[in-house]
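1. this one's sequence-less:
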């Protein structure tokens, strides 16, 4: 069987709350690191989430 083309990445909050989202990414088409502005329930506001490695 072939390996899947998508990888799992962790989107970690820049508010230093420790909250994160896990999402999929195709590294062939998206070569840059992902950044999103999403809701952080610990900080109770929208903050920027940056991509880190998922273990």
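-> Perfect, thanks for sending it. Fair warning: this is a prediction, and the values are worked out from it, not measured in the lab.
2. tell me the helices and strands packed up against the helix or strand harbouring residue 36.
-> Taking DSSP states H and E as the definition, residue 36 sits inside strand 35-40. Counting contacts by 3 or more Cβ pairs under 8 Å, 6 or more residues apart in numbering; DSSP states H and E, strand 35-40 is packed against strand 7-13, strand 45-53. From N, CA and C alone the C-beta is placed, and that goes for glycine too.
3. pull the residues that contact the first one.
-> This points to strand 7-13. Strand 7-13 is contacted by residues 19-27, 34, 36, 38, 40, 42-43, 47, 49-54 when judged by Cβ atoms under 8 Å, 6 or more residues apart in numbering.
4. now do the longest one
-> Outside of strand 45-53, the residues within contact range by Cβ under 8 Å, 6+ apart are 9-15, 20-21, 25, 33-40.
5. pull up the gap between the spatially most central residue of the chain and residue 2, please.
-> Centroid check for the chain by Cα atoms, centre = their mean gives residue 11 as the closest residue, at 2.2 Å. According to Cβ to Cβ, to the nearest Å, residue 11 and residue 2 sit 26 Å apart.
6. one more: residue 52?
-> Distance from residue 52 to residue 2, by Cβ to Cβ: 26 Å.
7. what do you get for residue 26?
-> 14 Å.
8. okay, those two: which has more neighbours?
-> Comparing residue 26 with residue 2 by other Cβ atoms under 10 Å, the one with more neighbours is residue 26, at 11 against 4.
9. thinking again about what came up before, so for the residue nearest to the centre of the chain, what's the pLDDT?
-> Note for residue 11: predicted pLDDT of 97.
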